[in-house]
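Trainee: build me a model from this:
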Amino acid sequence: MLNRLVLSNRSTATRRGAALGLALAITALSPATPAAEVSITEVQYQRGTLDVPTFAGGGSAATDILTLQNYSLWRYGESFFFVDYLRDDKVDGFNDDDWYGEWYPTLSLARIRGEDLALGPVRDIGLIAGLNLGADANVVKFLPGVRLAWTVPGFAFFNTDFFAYVEAGDGIAGGGAPKEEDAFFVDINFAYPFAVGGQRFSVEGHVEYLGPRDTETGQRLDYWVLGQPQLRWDLGHAVFGEGAKDQLFVGIEYQFWINKLGDSDTDESAVQALLVWRL
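Mentor: Model (predicted):
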């Protein structure tokens, strides 16, 4: 669900102010509070060479991404949010000094009932509502939907989320990116921990599909498929032992993006270095 899209001609000060408001708003709305039964906060740093869509000039650029994300489990459901800061080595209006965030609160039928559902491999059904905010491009999307949580051997979690992708921004009239037609959105998210030779690893991430749509300017945006699986090695456990597990990770994130940002001329395949600090 990491749709890191932003094109902007706003001032840096305006972007930073908007980004701070975005981070504070998501944090305030998220149930990552003392009432949460579980709260996991991570700071992630990634660096790799990412493609620039043709409508933003094309080519590629070395890109740094700093992410703050939180997962919380509370009495009746879950919450997940992240805020990205992106900066590349080109001054072209794309990923120059950009901010983007998403928030997904979920109501869980199993947690409301107090027991897992007995529907074969489906252990839970949830109502989920996504909010996507791009501070730089003034992008706002609302994603109402349904989550199916699956019991899959070996996986810490495996979910399929089905959404309506609903335009909620002001578009060009508000000084932002053009409005888009509503579309259909699906996301598969997962985590698979494993051990090899006493070393702790995990493969985790997501794959999403967004349907084609037109913008208010008449531009046709193609469907896209975005995948961002990460391979993590628990460096803290390897260096400092059991007492330091699940705190510091290194690894890679492989990003593949068919029709990046709806651009049929840009298919991305990029390996990024990854560093994760779990607070």
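Trainee: quick check, pLDDT for the closest residue to G176 other than its chain neighbours.
Mentor: Excluding the flanking residues, the one nearest G176 by Cβ to Cβ, 6 or more residues apart in numbering is N138, at 2.6 Å. No exception for glycine: its C-beta is placed from N, CA and C like everyone else's. Looking at N138, its pLDDT is 84.
Trainee: what's near enough to touch N138?
Mentor: 169-170, 174-177 (Cβ atoms under 8 Å, 6 or more residues apart in numbering).
Trainee: as a quick check, tell me the outermost residue of the protein.
Mentor: What lies farthest from the middle of the chain is G197; by Cα atoms, centre = their mean that is 31.3 Å.
Trainee: helix or strand next in line after the lowest-mean-pLDDT helix or strand in the chain, which one?
Mentor: When the helices and strands of the chain are compared on mean pLDDT, DSSP states H and E, helix 12-29 comes out lowest with a mean of 46. Per DSSP states H and E, the first helix or strand lying C-terminal to helix 12-29 is strand 38-51.
Trainee: that following strand - contacts with which helices or strands?
Mentor: When contacts are defined as 3 or more Cβ pairs under 8 Å, 6 or more residues apart in numbering; DSSP states H and E, strand 38-51 sits against strand 60-74, strand 248-258, strand 268-278.
Trainee: quick one, what contacts T215?
Mentor: 178-181, 221.
Trainee: try it again at 7 Å.
Mentor: Going by Cβ atoms under 7 Å, 6 or more residues apart in numbering, T215 touches 178-180, 221.
Trainee: state the distance from the residue farthest from the centre of the chain to A238.
Mentor: 10 Å (Cβ to Cβ, to the nearest Å).
Trainee: about what we covered before: want to try CSV for the helices and strands packed on strand 38-51, with distance to V207 as columns?
Mentor: Formatted as CSV, those follow (distance: least, Cβ to Cβ, whole Å):
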stretch, distance to V207
strand 60-74, 17
strand 248-258, 9
strand 268-278, 14
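Trainee: relative to L117, which of these is closest?
Mentor: strand 60-74 (17.0 Å; Cβ to Cβ).
Trainee: W74 contacts A36, correct?
Mentor: Yes: applying Cβ atoms under 7 Å, one finds W74 in contact with A36, separated by 5.0 Å.
Trainee: which SSE is V239 in?
Mentor: Going by DSSP H and E, V239 is in helix 235-240.
Trainee: could you give the average pLDDT over that helix?
Mentor: Mean predicted lDDT for helix 235-240 stands at 96.
Trainee: which elements pack onto it?
Mentor: Helix 235-240 sits against strand 248-258, with contacts defined as 3 or more Cβ pairs under 7 Å, 6 or more residues apart in numbering; DSSP states H and E.
Trainee: what strands line up against the strand it packs on, and which way round?
Mentor: Next to strand 248-258 in the sheet, as set by DSSP bridges, lie strand 224-227 (antiparallel), strand 230-234 (antiparallel), strand 268-278 (antiparallel).
Trainee: just the CA atoms of the last one, as CSV, please.
Mentor: The C-alpha trace of strand 268-278 is given here as CSV (Å, rounded to 0.1, in the frame of the first residue of the first chain):
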residue,chain,number,x,y,z
GLU,A,268,10.1,-0.7,-12.4
SER,A,269,12.4,-3.5,-11.0
ALA,A,270,14.6,-2.2,-8.2
VAL,A,271,16.5,-3.6,-5.2
GLN,A,272,16.9,-1.2,-2.3
ALA,A,273,19.1,-1.5,0.8
LEU,A,274,17.1,-1.7,4.0
LEU,A,275,17.7,-0.8,7.6
VAL,A,276,15.0,-1.1,10.2
TRP,A,277,15.0,0.0,13.9
ARG,A,278,12.0,-1.2,15.9
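Trainee: now it, how far from the centre of its chain.
Mentor: Chain-centre distance of strand 268-278: 13 Å, with Cα atoms, centre = their mean, to the nearest Å.
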